[in-house]
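Peer 1: build me a model from this:
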Amino acid sequence: MQLSEDIRRKVILFQQTEITEYHIYKRLAKHIKSEENAKILDQIAEDELRHYEGWQEYSKVEVQPRWFFVWFYYIISIVFGFTFGVKLMEMGEQAAQGNYADVASVIPEAAKYQEEENIHEEKLIEMLDEERLQYAGSVVLGLNDALVELTGALAGLTLALQNTKLIALSGLITGIAASLSMAASEYLSTRSEKTSKHPVRAAVYTGIAYITTVTLLILPYLLLDNYYIDLAISLTTAVVIIAVFNYYISVAKGESFRERFIEMAGLSLSVAAFSFVIGYFIRQWLGIEI
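Peer 2: Next comes the predicted model:
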């Protein structure tokens, strides 16, 4: 079949995408300990290779994978979890699938390949079972509580104490005590619910999320002497943490980023603003000067 230059260029691009994803899935399948997850990823990899070979029958050329993206998505998957890495990659593939319709009238297999790609997203990927996503609720609990409590506490302490070292000291004591308390509460809650989650692991995820957030929010007070700038940096850090975490969840679990982000950010900043005002009035009421 004689292809136009435009169609041939698109076919070669499809080839390169398929062979790139084949190598990504194959590497992930070898790395993952779960046999079931490895089997799913290996199945997707073989489909990608079959698609590559199908496109090659029309292009008549061999195409090398984009090795940068092979290693990029592989490393992303290792660091942030294979479910996140795979879904992030599939999101990028959706844009390429829009071009399938352009060649479907010339190459009948294009529609079939697109349907199989949709099956990857809707069925096979949903079968992936990853521990860190099972405990996402515990991480949300730790993050959300730390963000709301610490942004509020730091805002109130900033105006009440007006001393960066005292604010950092108070914030650390509050944060560490609260992280242990939240971890213990999550342990008891998970144990009483009789779910598949392990109570100790749930507590660890909650505690780590909490103490990590506390450390990032208090860090400016340990480095800079201007407490108003420190507060601004802490609040900005809180918004960034909320944005990054919610982006991760929106990709890995297919949930709305905008709604979750607005809800968490609005709650944290509202509590901070209210606590800032409360700190001012308490300072005036008690007549404290530090």
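Peer 1: just the helices in the stretch 101-250 of the chain please.
Peer 2: 109-119, 131-134, 136-161, 164-193, 199-223, 227-253 (DSSP state H, counting those that start in this stretch).
Peer 1: most packed of those?
Peer 2: helix 136-161 (a mean of 23; mean count of other Cβ atoms under 10 Å). Where C-beta positions appear, they are placed from N, C-alpha and C, glycine not excepted.
Peer 1: how far does it sit from the chain's center?
Peer 2: 20 Å (Cα atoms, centre = their mean, to the nearest Å).
Peer 1: of the helices of the stretch 101-250 of the chain, which is nearest residue 81?
Peer 2: helix 131-134 (5.1 Å; Cβ to Cβ).
Peer 1: lowest-confidence stretch among the helices of the stretch 101-250 of the chain?
Peer 2: Mean pLDDT across the helices of the stretch 101-250 of the chain is lowest at helix 131-134; the value there is a mean of 64.
Peer 1: and residue 104, how many neighbours?
Peer 2: 15 (other Cβ atoms under 10 Å).
Peer 1: err, residue 263, not the other one
Peer 2: Number of residues near residue 263 (other Cβ under 10 Å) recorded here: 14.
Peer 1: list the contacts for it?
Peer 2: By Cβ atoms under 8 Å, 6 or more residues apart in numbering, no residues touch residue 263.
Peer 1: now name the helix or strand holding it.
Peer 2: helix 257-286 (DSSP states H and E).
Peer 1: so what are the domain limits for this protein?
Peer 2: The chain breaks down into these domains under automatic domain parsing: 5-129, 132-286.
Peer 1: next one: the helix holding residue 263 to chain centre, how far?
Peer 2: Centre to centre, stretch against its chain (Cα atoms, centre = their mean), the figure for helix 257-286 is 25 Å.
Peer 1: now do stretch 220-227
Peer 2: Worked out by Cα atoms, centre = their mean, stretch 220-227 lies 29 Å from the chain centre.
Peer 1: understood, closing this out.
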